[in-house]
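Enquirer: kindly generate the corresponding structure for this input.
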Amino acid sequence: MTEIRKNIRSGVFYTAISKYSNIAASIIISAVLARLLTPSEFGVVAIIIVFISFFNLLSSFGIGSAVVQNKSLSDEDISSIFTFSILFGFILAVIFFFISPIIASFYNQPVLANLSRLMSLTIFFNSLQIVPNAVNLKNLRFRELGIISIGVHVLSGIIAVVLAYMGFSYYALIINSIINALLLFIAYYYLAPIKPTLSIKFGSINKIIKYSTFQFLFQFINYFSGNTDSLLIGKFFNASALGFYDKAVRLMLMPVQNLTHVITPVLHPVLSEYQDDKTVIYNTYVRIVKLLALIGFPLSVFLHFNASEIINIIYGPQWNQSIPVFKLLALSVGIQIILSSGGSICQATNRTDLLFYSGLLSTIVMLLGISYGVFIGKSLVSIGFGILFAVSINVFQAFYLVIKHALNQSYTRFLKVLVFPVILSIGVASTLWLISFLTIGNIIVSLLIKFFITIFTIFLILLMSKENLSFLKENGLKLLKK
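Expert: Model (predicted):
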């Protein structure tokens, strides 16, 4: 246990530096771009990103996680897998290039054709980085990966801002994505130079095919769970509506991705070493879920009650139509934060089949929620309600499969871990609801007042529970260290 905590702490430390530096950079870059580009321009690019994400998913085919998990792969195996990913990615990039006019025609946006053709480059560059990145993760090079992430994100963001300022419109965002993918590949490959083979040895592919197939199937259905809303809004609403919605979603995902992605990239590589000891994995996972819930649940409440201030400060008043849907999506932040770590547990226990089944159920529920918002409610707010309902349902089935079937532990005992975080959130919500009746003219002052009141409320409630206060002291800064 000492070694596992040491590796996780080290990984989380360097990943945290990377992610939170990226948060600051993302906020600044997004704030500037939101004032240089229109909601319609963001909406058009959001349509392309949805399709690019799908092709990136196809090119990955679960290979990265499989390389991390399999400890018997030789250098020759990895080289052969790398060659396969290069060839497969190139084929998919060519296909996307030629179907670009179809995408433009479907959405009745002629500009999508040339933009999509240009974006096909990101599919190829992203496929190139899959295996080198997996090798770096397998070797626990979290510090180097963190530095790379910060540098590439800041550089590509600056380029996007400069291009937007010069009037390049959509192309500022497109070129940003291309440069980001290319630079990541170059950096990952520099750390883990892999020689491609002249031929693909399918014996090497067979070593990872079962694991990677279920991983891919999970990602495949999870894609539709996470992107159907944008696909339908782009088709049945308009580009501006998609722009407002996309900004709300990206802002909501920022704490989800930048909190959980500090921990989850570390969990799989480290816990895979203990794949035969489910008790070690369970005890580690319980502590992580409790810590994430204590942070994520009150954060959801804070974001909900400060939606107007946050949108106006970061993006400006021209994005006010994003506020109602952001308020609803914000309530799902805490749930998504604790849910996102479950995939690493399924991967570490070689149960990517459970990951697939859970993803399938989640996608069905999510599609029902989104369909309600698009076809019945016919508004962005209704879509927000549908997604919030779906996420609330999915948390129970996802945890059940992970705890009961992947780890063979008591489901009801595990759920008790979430009781105090819920109580903490109710206390914060009650306080912020009372404060909402006050009128504070300056939005920055309003946000600061609510922030300090939230911190004070959390502190008071924690004082009533010495056990949980002690837990945060032990785990907040020194994760999993007794």
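Enquirer: all helices of the stretch 151-300 of the chain, in order?
Expert: 170-191, 202-206, 209-236, 239-271, 278-305 (DSSP state H, counting those that start in this stretch).
Enquirer: just how off-centre is whichever helix or strand comes after the last one within its chain?
Expert: Elements were assigned by DSSP states H and E; along the chain past helix 278-305, the next helix or strand is helix 307-314. Between the centre of helix 307-314 and the centre of its host chain there is 21 Å, according to CA atoms, centre = their mean, to the nearest Å.
Enquirer: just for this protein, where's the confidence low?
Expert: 1-23, 210-212, 214-215, 257-276, 466-482 (pLDDT under 70).
Enquirer: and the gap between residue 172 and residue 238?
Expert: Look at residue 172 and residue 238: by CB to CB, to the nearest Å, they are 21 Å apart. C-beta coordinates here come from the backbone N, C-alpha and C atoms, glycine included.
Enquirer: scratch that, residue 31
Expert: 24 Å.
Enquirer: ditto for residue 79
Expert: From residue 79 to residue 238 the distance is 48 Å (CB to CB).
Enquirer: follow-up on the earlier one: looking at the helices of the stretch 151-300 of the chain, spot the one closest to residue 42.
Expert: helix 239-271 (4.1 Å; CB to CB).
Enquirer: if we can go back for a sec, more neighbours, residue 79 and residue 238?
Expert: A direct count of neighbours by other CB atoms under 10 Å for residue 79 and residue 238 places residue 79 higher, at 18 against 14.
Enquirer: measure that one to residue 88 for me?
Expert: Relative to residue 88, and taking CB to CB, residue 79 is found at 15 Å.
Enquirer: then residue 43?
Expert: For residue 43, the distance to residue 88 - CB to CB - is 30 Å.
Enquirer: those two: which is more packed in?
Expert: Set residue 43 next to residue 88 and count neighbours by other CB under 10 Å: residue 43 wins out with 24 against 18.
Enquirer: tell me who's in contact with that one.
Expert: Applying CB atoms under 8 Å, 6 or more residues apart in numbering to residue 43 gives the contacts 234, 238-244, 246.
Enquirer: Three-state assignment for it, please.
Expert: What DSSP: H, G, I helix; E, B strand; the rest coil gives for residue 43 is helix.
Enquirer: please list the residues outside stretch 360-378 that contact it.
Expert: Here stretch 360-378 has contacts from 221-222, 224-226, 228-229, 232-233, 236, 379-391, 393-394, 397-398, using CB under 8 Å, 6+ apart.
Enquirer: with only the CA atoms kept, save that stretch in CSV.
Expert: What follows is stretch 360-378, C-alpha atoms only, in CSV (Å, rounded to 0.1, in the frame of the first residue of the first chain):
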residue,chain,number,x,y,z
LEU,A,360,-24.5,1.1,-22.8
LEU,A,361,-27.1,1.6,-20.0
SER,A,362,-25.8,5.2,-19.5
THR,A,363,-26.1,6.0,-23.2
ILE,A,364,-29.7,4.7,-23.4
VAL,A,365,-30.8,6.8,-20.4
MET,A,366,-28.8,9.9,-21.7
LEU,A,367,-30.3,9.6,-25.2
LEU,A,368,-33.8,9.5,-23.7
GLY,A,369,-33.1,12.7,-21.7
ILE,A,370,-31.6,14.5,-24.7
SER,A,371,-34.5,13.4,-26.9
TYR,A,372,-37.0,14.8,-24.4
GLY,A,373,-35.2,18.2,-24.5
VAL,A,374,-34.9,18.4,-28.3
PHE,A,375,-38.2,16.9,-29.5
ILE,A,376,-40.6,17.5,-26.6
GLY,A,377,-39.3,20.5,-24.6
LYS,A,378,-37.7,22.0,-27.8
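Enquirer: and that stretch, how far out from the chain middle?
Expert: Taking CA atoms, centre = their mean, one finds the center of stretch 360-378 at 20 Å from the center of the full chain.
Enquirer: ok, residue 463 to residue 192 distance?
Expert: Going from residue 463 to residue 192 by CB to CB gives 48 Å.
Enquirer: and the two? Which one has more around it.
Expert: residue 192 (19 against 10).
Enquirer: the residue nearest to the more buried one when sequence neighbours are not counted: helix or strand, and which one exactly?
Expert: Nearest residue to residue 192, sequence neighbours excluded (CB to CB, 6 or more residues apart in numbering): residue 135, at 4.1 Å. When elements are assigned from DSSP H and E, residue 135 belongs to helix 111-138.
Enquirer: could you pull out the buried residues of that helix?
Expert: For helix 111-138, a neighbour-count test (16 or more other CB atoms under 10 Å) marks 112, 115-138 as buried.
Enquirer: and if you look at stretch 334-353?
Expert: 334-353.
Enquirer: equivalent analysis for stretch 454-468, please.
Expert: Buried residues in stretch 454-468 (16+ other CB under 10 Å): 454, 457-458, 461-462, 468.
Enquirer: then stretch 436-443?
Expert: So, applying 16+ other CB under 10 Å, buried residues of stretch 436-443: residue 443.
Enquirer: ok, now which ones touch residue 160?
Expert: Contacts of residue 160 (CB under 8 Å, 6+ apart): 29, 33, 172-173, 175-176.
Enquirer: farthest-apart pair in those residues, please.
Expert: Taking CB to CB, no two of those sit farther apart than 29 and 175, at 13.7 Å.
Enquirer: which SS state does residue 72 fall under?
Expert: Residue 72 - assigned by three-state DSSP - is coil.
Enquirer: please name the nearest non-neighbouring residue to it.
Expert: With CB to CB, 6+ apart, the residue lying closest to residue 72 is residue 207, at 6.9 Å.
Enquirer: neighbours of that neighbour, just the number please.
Expert: For residue 207, using other CB under 10 Å, the count is 19.
Enquirer: and what of residue 433?
Expert: Neighbourhood size, residue 433 [other CB under 10 Å]: 11.
Enquirer: kindly report the same for residue 445.
Expert: There are 11 residues near residue 445, going by other CB under 10 Å.
Enquirer: separation between it and residue 438?
Expert: 11 Å.
Enquirer: repeat that for residue 406.
Expert: In terms of CB to CB, residue 406 sits 47 Å off from residue 438.
Enquirer: ditto for residue 286
Expert: The gap separating residue 286 from residue 438 is 39 Å, by CB to CB.
Enquirer: what sits against residue 26?
Expert: Neighbouring residues of residue 26 by CB under 8 Å, 6+ apart: 153, 157, 254.
Enquirer: and what of residue 32?
Expert: 161, 164.
Enquirer: for the one 10 residues further on, same thing?
Expert: Taking CB under 8 Å, 6+ apart as the contact definition, residue 42 lies against 34, 173, 242-243, 246-247.
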